[in-house]
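> Build me a model:
(one chain, ligands or ions: 3)
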Amino acid sequence: MDGYARGALVGTHWGHFRVSADASGIRDVQPYEGDDNPSRYGSSLADGFDASVRIPQPMVRKAWLETRDGSGRSRGEGPFVPVSWDAALDLVAAELERVRKTHGNGAIFGGSYGWASAGRFHHAQSQIHRFLNGIGGYVSSRNSYSAAAAEVIVPHVLGLSPYGVIEPSYEEILDHGSLMVAFGGVCPHNNQVVPGGVPHHHDRALLSQFRARGIELINVGPMRQDVPDYMDQCWMPVRPGSDVALMMGIAHELITNDLCDLPFLTTHTVGFEDLAAYITGQSDGCVRDADWAAGLFGIGADRIRALARKMVGRRTVIALSLSMQRAEYGEQPYFMGIALAAMLGQIGLPGGGVGLSWGNNGRGLYGTRRINFSWGKLPQGRNPVPDFIPVARIADMLENPGAPFDYDGGRYAYPDIRLIYWAGGNPYHHHQDLGRFERAWERPETIIVQDSVWTASARRADIVLPATTFLEREDVVCGMGQSVSFSAQAAAPYAQARDDFAIFSDLARRMGTFDAFTEGRDTAQWIRHIYQQSRDNAAAAGIQLPDFETLRALEVVDVTDQLPRSPHPLERFHDDPEGAPLGTPSGKIELSSDRLAAFGYDDCPRHPVWLERKEWLGAPLAYRFPLHLLSPQPQNRLHSQFDFGRASREAKIRGREVLTLSTADAAARGLADGDIARVFNDRGETLAGVRVTDDLMPGVAQLPTGAWYDPDEEGIDRHGNPNVLCPDRPTSRLAMGPTAQSCLVEVEKHTGPLPEMRAFTPPRLIDE
Ligand SMILES: Nc1nc2c(c(=O)[nH]1)N[C@H]1C(S)=C(S)[C@@H](COP(=O)(O)OP(=O)(O)OC[C@H]3O[C@@H](n4cnc5c(=O)[nH]c(N)nc54)[C@H](O)[C@@H]3O)O[C@H]1N2
Ligand SMILES: Nc1nc2c(c(=O)[nH]1)N[C@H]1C(S)=C(S)[C@@H](COP(=O)(O)OP(=O)(O)OC[C@H]3O[C@@H](n4cnc5c(=O)[nH]c(N)nc54)[C@H](O)[C@@H]3O)O[C@H]1N2
Ligand SMILES: [Mo]
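Ligands and ions are numbered 1, 2, ... in the order given. As a prediction, this is how the structure comes out:
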């Protein structure tokens, strides 16, 4: 049909694709024929061999090669010296050995946060952690940039991880639900990414049934387009960062009109009195009612009261997106969202209660028949180094060795890092306040980055090791869906690129840990071994998976029909709170927590609170920087991956990432569609292309993440990367999570010539 033989099936986090390649590169990419709703950016895989971004061979930064100590300041300026694999790996092994001997393994930062690619074996984090554990360990990181605040607060409140309560599923909402109040919407493109890979995208098929089933959807958030256009929605625009106030206004209406489910609150929760006293003002004199909330974020108090009434007496689910916890005091919207659902008394009922980390990563899309066994994986071994950081405190750590920090009730000290080794993540994508980060990144003596492309992080490394991509190797892929796939090798490795496993095996040989690292298996044997583990685990749970060769021939195997319906983790608790208690100290939902109180954090006290943010539209800083900048997930790629690909590039405006503004804010600044704007605050400045819409509330601007950081000599980014603007400030002492979504900026028209971009031009190389 497409003129080529059926291509190799390749599994990615954003779906499966058929890739045809020959010696000259990739010829064609088609969506997997089994997916009736593929991601729109599969076409970018055709650029997987783009020579302007791929790293052809190992590289060493010239200044580092010549001077070693004290050369960190010139990181980012290149030039690089291409070297042989042997020379590069000798250098890496010698540096690891030197740092280990002189300072101990506690001076090696191997947290290596990032998504890398799908695949059970070629998983860069597992590979690097296994390797580093084998040589005595490394400083690790805890939690994720995605959901740190939720990951730490939810266990205190529900006794479960936020990923353990992702139900109710959409199936249940369709069958039993009546109302969904979605804070942050149910963003269609975000739902198409499923960590670990997925062959079929169910979002459209499920969400498009809402209308016919008469389920009401309220989108509480700044952007109308957070709900797909084929769904009916009632849009309630609210200022970013104000959700807790809105929830409290709703709660006040419920409490003062006897609309709370008191029997549920009595049998299933503790601490409601504390929270009620705070909301009604009994405890501190401040009444947090609908009028108070309306005053804070400019929605009519009547609308808040009406919303409260709407939620009572019908099956209601409160869905919380992750975006609002990636913000100052990001623990609070999750804490209060659970409390509000508890007041409605439906937690644990099908199609009701609370949906956590909703609207992305396939949450709720894969039904009630869940995988009831664990997939095999590469064992990482044990890390003997106890030191860790909350993942987003990296700049703080590099700047303040030895300084104390708080985290989830403990007090720790930052380690003194001499060497950083990163494989499978892009810190110059994911971290905030890149200006500060760049200064902190100067401090380590040695930085090693292993990636397939010249990301900003690779450009700022001393030793760069080129890795293959998923196009160039085979693997077994399985995400949170109910299927497992064989991901085929579509092409030979690019230039001298090697698999992470091959790189670490050769390093292990140099460090004397080869046998322990490989356990005598080569790549093909490891892939089969890990798949056999999956088979064994499945068999123990009564699920049959075919043997490896059959999987390879079938390509995709779906086990949904074999899976029993698994109950909502909170269903048993709902039915029998004494017999099936939660993992909290009281066994119940803790709306006020003695344990949190004992931590003594004023920025995350015992019950949900409204705290004034430093950056939001109600802050004094908004006089100088009157727009709230949100940096959502990009529609045309995953994070920074394949930013050089055609789908991502075609969506840009004159090469820059797209800044969305409301009609009113654009007009006030003389900006129109297609203009280039300067976006700035005290932390930095970037250039972006302007798109104007009526679907975004005035006062809010959106600039998606992922445009490759491309600063000029003055540090002004030329490409539209929001992280030059976003703050590097922790959510609270509890989770110490990232707060990218609490960011104020101003926007002006860019006049004068457009600076030339360098993001996709390779750094200068010097031939020795
Ligand atoms: N301002 C702002 N910043 C944010 C966010 C936000 O909302 N706003 N969101 C945050 C969130 S939720 C996340 S999850 C992070 C994501 O941050 P990251 O996960 O760091 O971003 P990616 O672009 O996915 O980086 C993955 C890197 O791994 C490389 N890679 C892929 N496969 C392989 C492989 O097999 N081997 C090796 N060695 N490398 C490989 C890719 O080329 C890429 O450079 O960003 C965070 N940053
Ligand atoms: N295409 C694509 N999909 C992805 C990813 C990607 O890179 N590309 N990344 C994946 C990853 S790693 C993650 S963690 C998830 C993240 O999933 P989310 O965190 O849900 O994603 P965002 O796009 O940051 O935010 C969704 C919407 O929340 C709204 N919002 C922002 N702040 C607030 C607020 O304070 N209150 C309310 N009510 N709404 C707010 C914004 O309008 C935004 O469009 O997405 C995943 N999906
Ligand atoms: Mo994420």
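> Next, work out how far apart the spatially most central residue of the chain and ligand 1 are.
The structure's the chain has its C-alpha centroid closest to Ser146; by Cα atoms, centre = their mean the separation is 3.3 Å. Note on Ser146: its distance to ligand 1, by Cβ to the nearest ligand atom, to the nearest Å, is 4 Å. No exception for glycine: its C-beta is placed from N, CA and C like everyone else's.
> Phi, psi for that residue please.
Dihedral angles of Ser146 (phi, psi; degrees, to the nearest 10) stand at phi -60, psi -50.
> List the contacts of it.
Counting by Cβ atoms under 8 Å, 6 or more residues apart in numbering, Ser146 touches Leu322, Arg326, Ser357.
> Most proximal residue of the stretch 501-650 of the chain with respect to ligand 2?
Closest residue of the stretch 501-650 of the chain to ligand 2, Cβ to the nearest ligand atom: Pro632 (3.1 Å).
> Could I get the phi/psi values of that residue?
phi -80, psi 180.
> Keep only those of the contacts of Ser146 that are in strands.
With DSSP state E as the criterion, strands contain Ser357 from among these.
> so, if you compare the contacts of Ser146, which one comes nearest to Phe210?
Phe210 lies nearest to Ser357 out of the contacts of Ser146, by Cβ to Cβ, at 19.8 Å.
> How much space separates the closest one from Ser321?
Ser357 sits 8 Å away from Ser321, going by Cβ to Cβ, to the nearest Å.
> Neighbour count for the two, which is higher?
Using other Cβ atoms under 10 Å as the criterion, Ser357 and Ser321 rank with Ser321 on top: 27 against 23.
> can I assume the more buried one is in contact with Val181?
No - between Ser321 and Val181 there is no contact under Cβ atoms under 8 Å: 11.7 Å.
> re the thing from before, out of the contacts of Ser146, show me where the pLDDT dips lowest.
Lowest pLDDT of the contacts of Ser146: Ser357, 88.
> residues near the closest residue to Pro711 other than its chain neighbours, how many?
Spatial nearest neighbour of Pro711, chain neighbours left out: Asp717 (5.2 Å); criterion: Cβ to Cβ, 6 or more residues apart in numbering. Asp717 has 29 neighbouring residues, counting by other Cβ under 10 Å.
> Over to Gly313?
Counted with other Cβ under 10 Å, Gly313 comes out at 10.
> now swap in the one 5 residues further on and tell me
Ile318 has 28 neighbours, counted by other Cβ under 10 Å.
> Bridged to it, which residues?
Val181, Val354 (DSSP bridges).
> what sits against it?
Val181, Phe183, Met311, Gly337, Leu340, Ala341, Leu344, Gly353, Val354, Gly355.
> cool, Gln633 as well?
For Gln633, the contact set (Cβ under 8 Å, 6+ apart) comprises Cys187, His189, Asn190, Val193, Asn360, His639, Pro704, Thr705.
> out of the residues you listed, what pair is the most spread apart?
So, the contacts of Gln633 by Cβ to Cβ: farthest apart are Cys187 and His639, at 14.9 Å.
> Between those two, which is the more surrounded one?
Cys187 (25 against 20).
> so what's the more buried one up against?
Per Cβ under 8 Å, 6+ apart, neighbours of Cys187: Asp226, Val227, Ser321, Gly359, Asn360, Pro632, Gln633.
> Also near ligand 1: which of the contacts of Ser146, exactly?
Arg326 (Cβ under 6 Å from any ligand atom).
> So which residues on the stretch 301-450 of the chain come close to ligand 1?
Residues of the stretch 301-450 of the chain found near ligand 1 (Cβ under 6 Å from any ligand atom) are Arg326, Ala423, Gly424, Gly425, Asn426, His429, His430, Gln432, Gln450.
> check which helix or strand covers the closest residue to Arg606 other than its chain neighbours.
In this structure, Arg606 finds its nearest non-sequential neighbour in Ala597, 3.8 Å apart by Cβ to Cβ, 6+ apart. Here Ala597, judged by DSSP states H and E, is contained in helix 594-599.
> how far does that helix sit from the chain's center?
28 Å (Cα atoms, centre = their mean, to the nearest Å).
> try stretch 153-160
20 Å.
> Kindly report the same for stretch 14-22.
Relative to the centre of its chain, stretch 14-22 is centred 24 Å away, using Cα atoms, centre = their mean.
> element containing the residue nearest to Ala456 when sequence neighbours are not counted, please.
Counting by Cβ to Cβ, 6+ apart, Tyr428 is the residue found nearest to Ala456 once chain neighbours are left out, at 3.5 Å. Assigned by DSSP H and E, Tyr428 belongs to helix 427-430.
> Let's see that helix as CSV, backbone CA atoms only.
Only the C-alpha atoms of helix 427-430 are listed here, as CSV (Å, rounded to 0.1, in the frame of the first residue of the first chain):
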residue,chain,number,x,y,z
PRO,A,427,18.8,17.3,32.5
TYR,A,428,19.0,20.4,30.3
HIS,A,429,15.5,19.4,29.2
HIS,A,430,13.9,18.5,32.5
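> can you list the residues of the stretch 151-300 of the chain near ligand 2?
183-185, 187, 189-190, 192-193, 220-223, 226, 238, 240-241, 243.
> let's go with 5 Å and repeat that
Residues of the stretch 151-300 of the chain lying near ligand 2 by Cβ under 5 Å from any ligand atom: 183-184, 187, 189-190, 193, 221-223, 226, 240-241, 243.
> Most neighbours among those, which one is it?
Gly241 (30 neighbours).
> check contacts around the closest residue to it other than its chain neighbours.
Counting by Cβ to Cβ, 6+ apart, Trp616 is the residue found nearest to Gly241 once chain neighbours are left out, at 3.9 Å. Trp616 is in contact with Arg239, Pro240, Gly241, Ser242, Glu328, Ala622, His628, Ser742, Leu744, counting by Cβ under 8 Å, 6+ apart.
> which stretches of the protein have low pLDDT?
Counting by pLDDT under 70, the chain contains low-confidence residues at 1-5, 164-167, 768.
> who in it is up against ligand 1?
Contact residues, the chain versus ligand 1 (Cβ under 5 Å from any ligand atom): 114-117, 124, 145-146, 423-426, 429-430, 450-451, 455, 467, 500, 631, 639-641, 705, 722-723, 726, 740.
> Quick check: Asp515 is in a helix.
Yes - remark: Asp515 belongs to a helix, assigned using DSSP: H, G, I helix; E, B strand; the rest coil.
> Give me the distance between it and Asp22.
38 Å.
> One more: Leu322?
Note on Leu322: its distance to Asp22, by Cβ to Cβ, is 41 Å.
> who has more neighbours, those two?
When Leu322 and Asp22 are compared for neighbours, Leu322 comes out ahead with 27 against 10, by other Cβ under 10 Å.
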